[in-house]
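# Pasting the sequence and the predicted model now:
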Amino acid sequence: MFDFVGKTIAKIFGSKAERDLKEVVPYVGLINAETAKLTDLSDDGLRDQTRQVRARIAAHLAELDGQLAGLHQQIAGPPNLDIVQKEAIFTQIDALEKQRNKELEAVLLDVLPITFAIVKETARRYTHHKQLVVTATDYDREYASRKANVTIEGDQAIWSNKWTAAGADITWDMVHYDVQLIGGVVLHQGKISEMATGEGKTLVSTLPSMVTLALRLAYSRS
């Protein structure tokens with residue numbers, strides 16, 4: 001009886017997995033549309049897309065971050081605040097941090113299509129061109145001094161699609177399919193993405209990792 005009712009409800013309203021999928025699938029179209037815009041960019045232009053994503057994140061949070069910085073400065077300033085004043089400031093900080101978390105979630109979802117597209121286009125270039133050639137930055141030069149997959153030639157940094165990870169030689173020759181884009185969106189949402197062997201868990205993991213990296217870089221290296 002209960003099984004029959006459950007199946008009937010699922011047919012009318014859909015299972016949770018089906019509802020989640022309907023929410024996620026539209027992102028595939030957005031990601032692929034953004035990827036198409038990146039095809040004709042130079043490798044330097046593709047790299048600059050990451051800088052633009054970082055700038056969008058920082059700009060979206062700038063006002064709240066400024067308010068929080070001001071409140072923290074008040075707390076760290078001369079010890080002329082009484083307990084009541086400090087408690088009031090901490091209450092403001094807690095409220096702003098909660099608001100910032102919501103805004104952060106919103107902006108990360110907003111930049112998700114272009115961020116995933118950058119990863120997919122990078123994977124495509126590694127697969128088809130075997131390397132990325134960009135104007136060498138200080139980071140490129142420092143990285144090249146430690147890792148063999150990056151070489152410096154004049155003012156250019158050449159990133160090879162071959163490197164060593166955990167003692168194993170890796171050659172990047174994979175491009176994300178739609179099912180892997182779906183998995184990446186699911187993981188970004190903090191949900192569990194179950195995939196069978198051979199369905200590309202490695203590819204899926206690169207997508208939300210890029211969103212996290214863009215966020216970190218937004219508050220570190222320019």
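That came in fine, so what should we check first?

# residue ranges with poor pLDDT in this protein?
Low-confidence segments of the chain, defined by pLDDT under 70: 1-17, 192-200, 212-222.

# Okay, and T164 sits in which element?
Assessed by DSSP states H and E, T164 sits inside strand 162-165.

# Now do that strand: everything it contacts.
Residues outside strand 162-165 that contact it (Cβ atoms under 8 Å, 6 or more residues apart in numbering) are K147, A148, N149, D169, I170, T171, W172. No exception for glycine: its C-beta is placed from N, CA and C like everyone else's.

# Distance from the chain centre to stretch 164-177, please.
Chain-centre distance of stretch 164-177: 19 Å, with Cα atoms, centre = their mean, to the nearest Å.

# Can you point out the buried residues in that stretch?
Across stretch 164-177, burial judged by 16 or more other Cβ atoms under 10 Å covers W172, V175, H176.

# just to revisit the earlier point, next SSE after the strand holding T164?
strand 168-171.

# same for that following strand, what does it pack against?
strand 162-165 (3 or more Cβ pairs under 8 Å, 6 or more residues apart in numbering; DSSP states H and E).

# Only the buried residues of the helix or strand containing V53, if you could.
In this structure, V53 is located in helix 43-76 according to DSSP H and E. Within helix 43-76, the residues that qualify as buried are 43, 46-47, 49-50, 53-54, 56-58, 60-61, 64, 68, 71, counting by 16+ other Cβ under 10 Å.
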